[in-house]
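Trainee: one predicted model, sequence on top.
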Amino acid sequence: MNDFDIIESQLAKINELRNQVEGIEKTNFNNVNNKTIIDKNLEISISSESTLQERYKSINLLYLVGQKKLIREIINTQSPSNLTNLIKRMINTPPIGDSIEKMACNRNTWIDESIWQLSKVSSEDNSDNTASSDINDKDKNLSEILELLNHYKYHFDSSLQLSGAINLSIGMLNNSNKEESINSSSSPK
């Protein structure tokens, strides 16, 4: 397999995910704002047993939720380990679809609320005289998240351009596939 085949294969996978996310975007927004559906997708997105594709779809569905009050309500019920996993997965999962800017904004809300809740739980636990090993684990989690956020911040400015470039590449690939099919159907046999 040459480099072009690998790139074409990856673009096809991205295109498939994009089509699935666009299908989710067209879902009735009442369903997207349904707490039960959001909880289920949150579970899928942080589960180690779910496939990468399932997590990607679930996280992108979470990015469609823009109600801060609802996000906060859901985040407040999560354990610190779930919040840590959610933050890590969201930092590493860019939004894909037609409304990338809105989804990126919602993604930031999810990350902000998760970090706020995680730091709140951490400070409450520190005041309860917890064992030093527990505090060290929490500090390690927070420092790991901080490192990921620094990496995320570094790439955030270019993330919308990158998503635009991916969408443009997919569009170009789709057009070349259409041209090939038109040329092959119109060529004499």
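Mentor: On my side now, so go ahead. Note that this is a predicted model, so its numbers are computed, not measured.

Trainee: number of residues surrounding N85?
Mentor: Burial of N85 is recorded as 18 neighbouring residues (other CB atoms under 10 Å). Backbone N, C-alpha and C define where each C-beta goes, glycine included.

Trainee: quick check: which ranges of the protein have low pLDDT?
Mentor: 1, 18-33, 98, 122-123, 125-142, 146, 149-189 (pLDDT under 70).

Trainee: one more time with 50, if that's ok
Mentor: 28, 158 (pLDDT under 50).

Trainee: show me where it has helices.
Mentor: 3-25, 29-32, 35-46, 52-62, 68-75, 80-91, 100-127, 132-186 (DSSP state H).

Trainee: relative to I38, how far out is R72?
Mentor: Taking CB to CB, to the nearest Å as the measure, R72 falls 12 Å from I38.

Trainee: these two: which has the busier surroundings?
Mentor: Under the criterion of other CB under 10 Å, the comparison of R72 against I38 puts I38 first, with 22 against 16.

Trainee: residue contacts, the more buried one?
Mentor: V32, L61, L62, V65, L70, I74 (CB atoms under 8 Å, 6 or more residues apart in numbering).

Trainee: want to throw those residues into CSV with distance to D112 and neighbour count?
Mentor: Compiled in CSV, those are given as follows (distance: CB to CB, whole Å; neighbours: other CB atoms under 10 Å):
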residue, distance to D112, neighbour count
V32, 19, 20
L61, 19, 24
L62, 14, 25
V65, 14, 23
L70, 14, 15
I74, 14, 20
